[in-house]
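>>> got a sequence here, can you build the structure:
(one chain, ligands or ions: 1)
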Amino acid sequence: MIHTDIPAIRDQFPIFAWHRQENLPFVYLDNAATTLKPTPVIEAMHDYYSNYSSNIHRGLYPIAVRASKAYEDARVKVQQFFGAAHPEEIVFTQGTTAGINLVAAAFAGGLLQPGDEILLSPMEHHANLVPWQQISAHHNLRLRFLPMDAAGNLQLDQLDTLADFPIKLIAIVHISNTLGHINDLETIIAWAKQRNIRVLVDAAQSAALYPMDVQQLGMDFLVCSGHKMYGPTGIGVLYGKKELLEQMPPYQSGGDMIKKVGLYSSTFADIPHKFEAGTPPIAAAIGLGAALDFLQTLNRPQWLTHLDQLTDYTIRQLREIPGLKIMGEAQKRSHIISFTLQDIHPHDIATFLAQEGIAIRAGHHCTQPLMQHFDTGASARASLSIYNTQEDIDALIQALHHIQSFFNS
Ligand code: PMP
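Next up, the predicted model:
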């Protein structure tokens with residue numbers, strides 16, 4: 001099953017070599033939390049800090065000019081990666097959470113009217129739920145939720161039952177970080193467009209693996225995090241349609257986001273700088289650019305097939321374990337799998353696996369309403385990525401069999 005270039009991909013992630021050197025087992029199946037970092041990303045950031053570390057946009061000396069160019073080049077790489085029409089439609093943020101907070105404050109808080117509604121789903125990460133609760137409370141907006149069936153699939157055939165409500169924005173996750181379900185963005189966006197409803201897509205779990213063409217799909221906003229795309233922490237992307245970003249008031253204010261400042265009032269820079277107050281995460285933006293370059297060097301159809309086959313294999317093997325229940329039953333799924341094992345607490349499962357050198361996650365995965373939907377407080381979650389192998393999965397399955405027999409003995 002292992003494709004020929006998977007070992008070569010693994011070789012580009014130095015964390016595997018470090019574990020080998022230290023003689024430590026390392027099976028990394030917590031990719032939904034964050035992905036590992038390849039050498040080109042580490043080197044690009046090292047190069048910036050070692051050779052041209054300086055602040056951007058104002059310095060006139062060579063290293064400052066170089067840093068400014070590298071930062072703006074990273075923006076263009078992101079623009080091209082998502083097929084956006086203009087580089088200024090790409091705002092660098094701190095991550096998905098920061099991007100959603102920006103849209104909540106500047107779009108919902110700045111442009112919506114009391115009584116307007118925001119449509120979410122019950123499977124949202126807290127990052128795509130709590131900011132909407134907060135802004136709704138402050139601006140008298142109302143939240144509404146898409147219906148979801150018992151298996152955790154959104155019931156999009158019932159969208160028309162919502163047609164008469166004053167919904168102005170749909171904020172929806174592309175791939176559930178708990179269930180791995182892939183939501184049907186085409187249907188949601190087409191429905192929204194007919195009604196002049198704006199759509200924000202939380203692409204935290206999908207941006208790296210299922211690159212989207214934002215113009216083709218037609219969403220108004222997309223948010224994602226660099227650290228889940230083989231890039232560094234501390235950087236994220238907000239894509240927003242130009243005409244919307246232009247209408248939205250600034251979110252945070254201070255240096256670098258202004259045109260002219262007086263004692264009592266100021267005018268603001270053009271997009272995207274209007275939304276990038278203060279010194280941005282320069283090294284992290286450069287690192288994200290390197291991560292996108294790295295992704296382009298890989299044979300996408302090959303690793304995607306590998307990932308799909310590995311996910312199917314994992315599910316088949318998990319189903320063989322007595323008492324193991326996979327959460328949800330996806331119409332369309334990705335590489336994230338949540339499960340429970342009899343009444344063994346997921347934290348005990350994760351702790352046991354950690355002793356074997358296997359990294360998974362246990363808990364509510366920042367989706368407490370979804371856990372309530374499934375009438376559980378926590379699950380264990382294995383999430384795969386492009387460098388995982390069948391040996392990784394076999395190690396997980398073998399350890400789970402041990403846990404199962406240990407707790408039953
Ligand atoms: N949305 C989803 C679907 C996620 O998986 C995550 C991270 N687990 C977030 C939002 C928040 O991302 P970040 O913590 O990088 O801001």
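>>> residues in contact with the spatially most central residue of the chain?
Central residue of the chain (CA atoms, centre = their mean): Ala204, 1.0 Å from the mean position. The contact partners of Ala204, by CB atoms under 8 Å, 6 or more residues apart in numbering, come to Thr96, His125, Ala127, Val173, Asn177, Val223, Cys224, Ser225, Lys228. From N, CA and C alone the C-beta is placed, and that goes for glycine too.
>>> and what of Val41?
Tyr230, Gly231, Pro232, Gly287, Ala290, Ala291, Phe294.
>>> let's have these in CSV, adding neighbour count, secondary structure and distance to Ala85.
Shown next, in CSV, are these (neighbours: other CB atoms under 10 Å; DSSP: H, G, I helix; E, B strand; the rest coil; distance: CB to CB, whole Å):
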residue, neighbour count, secondary structure, distance to Ala85
Tyr230, 28, coil, 25
Gly231, 33, coil, 23
Pro232, 24, coil, 26
Gly287, 28, helix, 25
Ala290, 27, helix, 24
Ala291, 27, helix, 22
Phe294, 20, helix, 25
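>>> could you dump the residues you listed to TSV with pLDDT?
Compiled in TSV, the contacts of Val41 are given as follows (pLDDT from 0 to 100):
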residue	pLDDT
Tyr230	98
Gly231	98
Pro232	98
Gly287	98
Ala290	98
Ala291	98
Phe294	97
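>>> show me how the record splits the protein into domains.
6-30+299-408, 43-296 (automatic domain parsing).
>>> now do the same end-to-end measure for the longest one.
Domain 43-296 has its terminal residues 17 Å apart, counting by CA to CA, to the nearest Å.
>>> does the ligand sit close to that domain?
Yes - residues of domain 43-296 contacting the ligand under CB under 6 Å from any ligand atom: Gly95, Thr96, Thr97, His125, Ala127, Asn128, Val173, Asn177, Asp202, Ala204, Gln205, Ser225.
>>> mind listing what the residue in the stretch 251-400 of the chain positioned nearest to the ligand touches?
Closest approach between the stretch 251-400 of the chain and the ligand, counting by CB to the nearest ligand atom: Cys366, at 6.0 Å. Neighbour list for Cys366: His125, His126, Ala127, Asn177 [criterion: CB under 8 Å, 6+ apart].
>>> one more time with 7 Å, if that's ok
Listed by CB atoms under 7 Å, 6 or more residues apart in numbering, the contact partners of Cys366 are His125, His126, Ala127.
>>> drop anything exposed from those.
By neighbour count, with 16 or more other CB atoms under 10 Å, the contacts of Cys366 hold His125, Ala127 as buried.
>>> output the contacts of Cys366 as a markdown table; include the columns pLDDT and secondary structure.
A markdown table is the format used below for those (pLDDT from 0 to 100; DSSP: H, G, I helix; E, B strand; the rest coil):
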| residue | pLDDT | secondary structure |
| --- | --- | --- |
| His125 | 98 | coil |
| His126 | 98 | helix |
| Ala127 | 98 | helix |
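>>> nearest to Lys77, of the contacts of Ala204?
Cys224 (13.6 Å; CB to CB).
>>> who touches the one helix or strand Ile189 maps to?
For Ile189, the host element (DSSP states H and E) is helix 185-194. Residues outside helix 185-194 that contact it (CB under 7 Å, 6+ apart): Leu156, Leu159, Ile170, Ile172, His174, Val199, Val201, Leu217, Gly218, Met219.
>>> other SSEs contacting the helix or strand just after it?
Later in the chain than helix 185-194, the nearest helix or strand by DSSP H and E is strand 198-202. With contacts defined as 3 or more CB pairs under 7 Å, 6 or more residues apart in numbering; DSSP states H and E, the packing partners of strand 198-202 are helix 96-103, strand 167-173, helix 185-194, strand 221-225.
>>> nearest to His306, of these?
Of all these, strand 221-225 sits nearest to His306, with 22.3 Å by CB to CB.
>>> who does that closest one pair up with?
strand 198-202 (parallel), strand 236-240 (antiparallel) (DSSP bridges).
>>> centre of the chain to it, how far?
Its chain's C-alpha centre and that of strand 221-225 lie 7 Å apart, by CA atoms, centre = their mean, to the nearest Å.
>>> kindly export it (C-alpha atoms) in PDB.
What follows is strand 221-225, C-alpha atoms only, in PDB (Å, rounded to 0.1, in the frame of the first residue of the first chain):
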ATOM      1  CA  PHE A 221     -14.300  34.300   3.400                       C
ATOM      2  CA  LEU A 222     -12.000  31.400   4.000                       C
ATOM      3  CA  VAL A 223      -9.900  31.000   7.200                       C
ATOM      4  CA  CYS A 224      -7.100  28.500   7.900                       C
ATOM      5  CA  SER A 225      -4.000  28.000  10.100                       C
END
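>>> would you map the helices across the stretch 51-200 of the chain?
62-82, 96-103, 109-111, 130-139, 185-194 (DSSP state H, counting those that start in this stretch).
>>> who touches the lowest-mean-pLDDT helix or strand in the chain?
The helix or strand of the chain with the lowest confidence, counting by mean pLDDT, DSSP states H and E, is helix 6-11 at a mean of 93. Helix 6-11 is contacted from outside by Phe16, Leu298, Trp303, His306, Ile386, Tyr387, Thr389, using CB under 7 Å, 6+ apart.
>>> can you pull the buried residues of that helix?
Ile6, Ile9, Arg10.
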